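A.B. asks: Predicted coordinates and the sequence they were generated for:
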2 protein chains.
Amino acid sequence: MNITREEALAYVKPHLKTSRYEHTVRVADQAVELAERYGVNHHHAEVAAALHDYAKYKPLEEMRRWIVQDRRLPKDLLDYHHELWHGPVGALMLEKEIGLSDAAVRSAIDCHTTGKKHMSQLDKVIFLADYIEPGRDFPGVDEVRKIAKSDLDQACALALKNTIIFLVQKGRTVYPNTFHAYNDFI
Amino acid sequence: MNITREEALAYVKPHLKTSRYEHTVRVADQAVELAERYGVNHHHAEVAAALHDYAKYKPLEEMRRWIVQDRRLPKDLLDYHHELWHGPVGALMLEKEIGLSDAAVRSAIDCHTTGKKHMSQLDKVIFLADYIEPGRDFPGVDEVRKIAKSDLDQACALALKNTIIFLVQKGRTVYPNTFHAYNDFI
């Protein structure tokens, strides 16, 4: 993969609000820390993290067209909250726009919001870095941060558990990949 | 359907512990009440309720064989808690043993523990009757009982919500059909 962390950050910067860009930089730092701890390729982690929210502010209609037209995107995304679209759509936009060919990096971008069944170590690192980066401040995040120091799977399981309980208590739908990921970790 | 409520109860009685048989009678009474309230066939409801726990105490190995051998049973049941097996397996055992041919009644027995996507009105009545029968005493059941007086779907949604939160808080797996049912009601 030829793209550097700096190039990836420079590419996404104009597409993000300042606060979202700052979040992205923190996710990259956090991802590198986790990657080193758990023996994941450092460069893959920092590039995936730098790019993970690329499509966050893309117009909904543009993302909807991608979902409808690209056969690799599951159509049931349209039945769930559009907040879930930017990961899967972003991964494919980046493939097209900057030739992001690394399937492992695209996978980590794809599933960073929802998780999925059979997550790779890189998928877990990006999912978790996004959940625990120092700017995050939701109930339970400190316990996940603590566990993330010693057990990547346990930390992901707890993050998924918190997410499912949060969504169900609010009476919101839960994307199937999220409970597949949860069951997988359990 | 030729079988009466009394015949159905007599058939299951020797297969159940006394307390479970008494639960079954209460589910049948509750199911009839719900069926009348929501315009569901009274007789289907009482027979499905009478039969719903038929396989509850079947040996695990016998149920496992059914799951492995009957192509209509989803194999992923084996990956989840055996507490979930008696519904789907019981429905097919009853088809074989007493010629239970009514697909709607078999469906209600099948999904009474987990729920499923696109539940019929009868499925909902049996699922809910099993959850709220007067012998039940878990947190939140009174609120579900209250809603069950006016809104079948809302009551099922809340029962599923409580179930998912309970399981996830305990760190237990959640059978996919339960999430599909939940998302469906939401």
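C.D. replies: Nice, thanks for sending it over.

A.B. asks: Chain A: helices as residue ranges?
C.D. replies: A:5-12, A:18-38, A:42-51, A:60-69, A:86-98, A:103-110, A:121-132, A:141-148, A:152-169, A:176-185 (DSSP state H).

A.B. asks: Let me have these in CSV, extended by mean pLDDT.
C.D. replies: Formatted as CSV, those follow (pLDDT from 0 to 100):
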stretch, mean pLDDT
helix A:5-12, 97
helix A:18-38, 98
helix A:42-51, 98
helix A:60-69, 97
helix A:86-98, 97
helix A:103-110, 98
helix A:121-132, 98
helix A:141-148, 97
helix A:152-169, 96
helix A:176-185, 96
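
A.B. asks: Output the ones you listed as TSV; include the columns distance to chain B.
C.D. replies: In this view, the C-beta of every residue, glycine as well, is placed from N, C-alpha and C. Converted to TSV, those look like this (distance: least, C-beta to the nearest C-beta, whole Å):
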stretch	distance to chain B
helix A:5-12	31
helix A:18-38	22
helix A:42-51	27
helix A:60-69	18
helix A:86-98	18
helix A:103-110	20
helix A:121-132	16
helix A:141-148	13
helix A:152-169	5
helix A:176-185	5
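
A.B. asks: Save the ones you listed as a markdown table, and put in distance to B:L92 and mean neighbour count too.
C.D. replies: Shown next, in a markdown table, are the helices of chain A (distance: least, C-beta to C-beta, whole Å; neighbours: other C-beta atoms under 10 Å in any protein chain shown):
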| stretch | distance to B:L92 | mean neighbour count |
| --- | --- | --- |
| helix A:5-12 | 53 | 17 |
| helix A:18-38 | 45 | 18 |
| helix A:42-51 | 46 | 25 |
| helix A:60-69 | 38 | 13 |
| helix A:86-98 | 38 | 21 |
| helix A:103-110 | 38 | 22 |
| helix A:121-132 | 38 | 25 |
| helix A:141-148 | 42 | 17 |
| helix A:152-169 | 31 | 20 |
| helix A:176-185 | 24 | 22 |
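
A.B. asks: Reformat those helices as JSON lines; add distance to B:I67.
C.D. replies: Shown next, in JSON lines, are the helices of chain A (distance: least, C-beta to C-beta, whole Å):
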{"stretch": "helix A:5-12", "distance to B:I67": "48"}
{"stretch": "helix A:18-38", "distance to B:I67": "36"}
{"stretch": "helix A:42-51", "distance to B:I67": "39"}
{"stretch": "helix A:60-69", "distance to B:I67": "35"}
{"stretch": "helix A:86-98", "distance to B:I67": "33"}
{"stretch": "helix A:103-110", "distance to B:I67": "32"}
{"stretch": "helix A:121-132", "distance to B:I67": "31"}
{"stretch": "helix A:141-148", "distance to B:I67": "35"}
{"stretch": "helix A:152-169", "distance to B:I67": "26"}
{"stretch": "helix A:176-185", "distance to B:I67": "18"}
